[in-house]
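Enquirer: prediction below, plus the sequence it came from.
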Number of protein chains: 2
Amino acid sequence: MSAPVPFGDRLQAVFAARGRLCVGIDPHSSLLAEWGQPDSAEGAREFGLRVIEAAADRVGIVKPQVAFFERHGAAGYAALERLISEARAAGLIVIADAKRGDIGSSVAAYGDAWLRPGSSLEADAMTISAYQGLGSIEQVMVAAEAVGKGLFVLAATSNPEAAAIQRAVLQQSSRAGATVAQAILLGVTGWNQGRADAGERALGSIGVVLGATTELALAGIDVESEPPRPGLPVLAPGFGHQGAEPRELRARFGSYTGGVIASESRSILAAGPDGIADAIARRADEYGAVIG
Amino acid sequence: MSAPVPFGDRLQAVFAARGRLCVGIDPHSSLLAEWGQPDSAEGAREFGLRVIEAAADRVGIVKPQVAFFERHGAAGYAALERLISEARAAGLIVIADAKRGDIGSSVAAYGDAWLRPGSSLEADAMTISAYQGLGSIEQVMVAAEAVGKGLFVLAATSNPEAAAIQRAVLQQSSRAGATVAQAILLGVTGWNQGRADAGERALGSIGVVLGATTELALAGIDVESEPPRPGLPVLAPGFGHQGAEPRELRARFGSYTGGVIASESRSILAAGPDGIADAIARRADEYGAVIG
């Protein structure tokens, strides 16, 4: 069995071929109503299938928000299994936006759910929370890397009420003086750098979530510094509906720009089933114009 | 339609009738093997049904670890729906150990999944993470309270690698100087105190997770202080396999003792299908002896 292609390499290839835009699949009840779909697992499935159809060949990455499927229980998960499978079959990278976190053995089980080859929910990467410590997710970092999958660890998120906790300062720790967000970013960067083949990679396979509307400097993240090597994948919500614009991408992310995935959900989904393909194409062009 | 009985009142009644022990339902692959069950959704279901049968009439609370069901995708969720429903029908309070967290609209969808009356996954309470800020979970606090459900927000967890982040100190915030864990505990306590009927309640409906093996003082949590009013529900993993003993409960939790749920999983589940009923009864007696 040959070694899997690292997630970071797959991401780099998608950036080159399809650009930076990631389309969220968020079947919120209000969007289902706008799309003329019932507020049910079937509605979420039909909504998702149309988003995937519009995204395929126009962008390289989609991100289902798991909460809006879990809301419909096992039936919602069956819909999500179908959507992930269809999206991957269409050549899209799928990031399961699950934000799971727990002690190590439970996080490992979540990794099994979303990243194990052959799992019914198998995606390409997932979002994860390290509230229980970076050590609590180390086992899933190793497991993900081993099978060519990726992770995005929440660092500085886009919602304003997150600031107090994410900017809190570590005390007695090897990263004393760092903010919570910075400690997570540095921990992930260091982990990527510790891989045997780190020198040959443009992008690592473990990344972080940094909101595009967040004042990263206030969270202790210096985007003027030297770029990390290998580059750090950055899942960046906050573009579109939440206020950040494509033209701001380089200024906001500075030396991290090389790894940024610009994620938009509502700004694109609000175009409805008839307008979404055009909305995606237009927005993808805008990112293409700033990141050539 | 009459107002629902608040979760805190239901918890208080269970404490009086059945004591403090909560039995975890953790169908970890290694436990399934020990129990002679296949590592599948069916195995997790059969395992869970036997735990519930042994727990009913011996304790008042069970806590399924969602990760071990999600691992089996939609089929695992169908098994979990069945288990939650059976446990509630047997009169057990069910805490879905999901540790969900996200921005407000997504957390609200998670609340819908686990706490909405009539949802296929309807439990009595769920665990939740505030890495994205206490503000990100406020909507679900309101929604839970309105339908007689509860929440347990991660504060100071039992795994040692969590300390650096949970003991980080808030800077520019209304709780500047507090640790992350303390800010969450104070925020939840304050929220319970802000309810219109707070003065009449023995226990609030929103609680926290505090590990029984955690040095709470180092996390900024003072268990020598005056007890909060209303009392704070505290879900306390760390008893049993992880090292804390029933006789330590009062010393570890001090003024928070009145709200403590002692959660055990592996220590009880390791007794196997033939020994679990006795293991639960014995352990319940040990807690009963220290909390009369």
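Expert: Nice, thanks for sending it over.
Enquirer: and the closest residue to A:Ile25 other than its chain neighbours, what is it in contact with?
Expert: Distances taken as Cβ to Cβ, 6 or more residues apart in numbering or on different chains place A:Pro64 nearest to A:Ile25, at 4.1 Å, with adjacent residues excluded. Glycine gets a C-beta too; all of them are placed from N, C-alpha and C. A:Pro64 makes contacts with A:24-26, A:48, A:80, A:83-84, A:94, A:96-97, as judged by Cβ atoms under 8 Å, 6 or more residues apart in numbering or on different chains.
Enquirer: also A:Gly76?
Expert: A:Gly76 neighbours (Cβ under 8 Å, 6+ apart): A:41, A:44, A:68-70.
Enquirer: cool, A:Ile95 as well?
Expert: A:Ile95 neighbours (Cβ under 8 Å, 6+ apart): A:22, A:61-63, A:123-127, A:150, A:152, A:235, A:261.
Enquirer: next one: it from B:Glu224, what distance?
Expert: 46 Å (Cβ to Cβ, to the nearest Å).
Enquirer: buried subset of the contacts of A:Ile95 as a PyMOL selection?
Expert: Restricted to buried positions by 16 or more other Cβ atoms under 10 Å in any protein chain shown, the PyMOL selection for these reads:
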select buried, chain A and resi 22+61+62+63+123+124+125+126+127+150+152+235+261
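Enquirer: what's the closest of the contacts of A:Ile95 to B:Pro228?
Expert: Nearest to B:Pro228 among the contacts of A:Ile95, counting by Cβ to Cβ, is A:Thr127 at 33.5 Å.
Enquirer: listing partners with orientation, what would you give for the helix or strand where the closest one lies?
Expert: In the assignment (DSSP states H and E), A:Thr127 maps to strand A:125-128. Take DSSP bridges as the rule and strand A:125-128 pairs in its sheet with strand A:93-100 (parallel), strand A:150-156 (parallel).
Enquirer: now the helices: where do they sit in the stretch 1-150 of chain A?
Expert: If DSSP state H, counting those that start in this stretch is used as the criterion, the helices of the stretch 1-150 of chain A fall at A:7-18, A:29-34, A:41-55, A:67-70, A:73-89, A:104-115, A:138-146.
Enquirer: as JSON lines, these with mean pLDDT would be great.
Expert: Putting the helices of the stretch 1-150 of chain A into JSON lines (pLDDT from 0 to 100) gives the following:
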{"stretch": "helix A:7-18", "mean pLDDT": "98"}
{"stretch": "helix A:29-34", "mean pLDDT": "98"}
{"stretch": "helix A:41-55", "mean pLDDT": "98"}
{"stretch": "helix A:67-70", "mean pLDDT": "98"}
{"stretch": "helix A:73-89", "mean pLDDT": "98"}
{"stretch": "helix A:104-115", "mean pLDDT": "98"}
{"stretch": "helix A:138-146", "mean pLDDT": "97"}
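Enquirer: ok, and which of those helices has the densest surroundings?
Expert: Burial of the helices of the stretch 1-150 of chain A is given as mean neighbour count (mean count of other Cβ atoms under 10 Å in any protein chain shown); helix A:67-70 ranks first at a mean of 28.
Enquirer: for that one, name the packing helices and strands.
Expert: The helices and strands touching helix A:67-70, judged by 3 or more Cβ pairs under 8 Å, 6 or more residues apart in numbering or on different chains; DSSP states H and E, are helix A:41-55, helix A:73-89, helix B:104-115.
Enquirer: between these, which gets nearest to B:Ala3?
Expert: Closest among the helices and strands packed on helix A:67-70, using Cβ to Cβ: helix B:104-115, at 16.0 Å.
Enquirer: so the closest one, near chain A or not?
Expert: Yes: counting by Cβ under 8 Å from any Cβ of the partner chain, contacts between helix B:104-115 and chain A involve B:104-107, B:109-110, B:112-113.
Enquirer: need the three-state assignment for A:Tyr287.
Expert: The three-state label given to A:Tyr287 by DSSP: H, G, I helix; E, B strand; the rest coil is helix.
Enquirer: contacting residues around the residue in the stretch 151-292 of chain A positioned nearest to chain B?
Expert: In the stretch 151-292 of chain A, the residue found nearest to chain B is A:Glu161; the distance is 2.8 Å by Cβ to the nearest Cβ. With contact set as Cβ under 8 Å, 6+ apart, A:Glu161 has these partners: B:104, B:132-136.
Enquirer: again, but for A:Glu145
Expert: A:6-7, A:195, A:205-206.
Enquirer: then A:Ser119?
Expert: Counted by Cβ under 8 Å, 6+ apart, A:Ser119 has contacts A:112-113, B:71, B:73.
Enquirer: including distance to A:Val290, could those go into a markdown table?
Expert: Below are the contacts of A:Ser119 laid out as a markdown table (distance: Cβ to Cβ, whole Å):
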| residue | distance to A:Val290 |
| --- | --- |
| A:Asp112 | 38 |
| A:Ala113 | 36 |
| B:Arg71 | 40 |
| B:Gly73 | 38 |
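Enquirer: shaky segments in chain A?
Expert: A:1 (pLDDT under 70).
Enquirer: what residue in it is the furthest from its centre?
Expert: A:Gln172 (30.5 Å; Cα atoms, centre = their mean).
Enquirer: can you tell me the closest non-neighbouring residue to it?
Expert: Closest to A:Gln172 by Cβ to Cβ, 6+ apart is B:Arg167, at 7.5 Å.
Enquirer: out of the contacts of A:Glu145, who has the most neighbours?
Expert: A:Ile206 (28 neighbours; other Cβ atoms under 10 Å in any protein chain shown).
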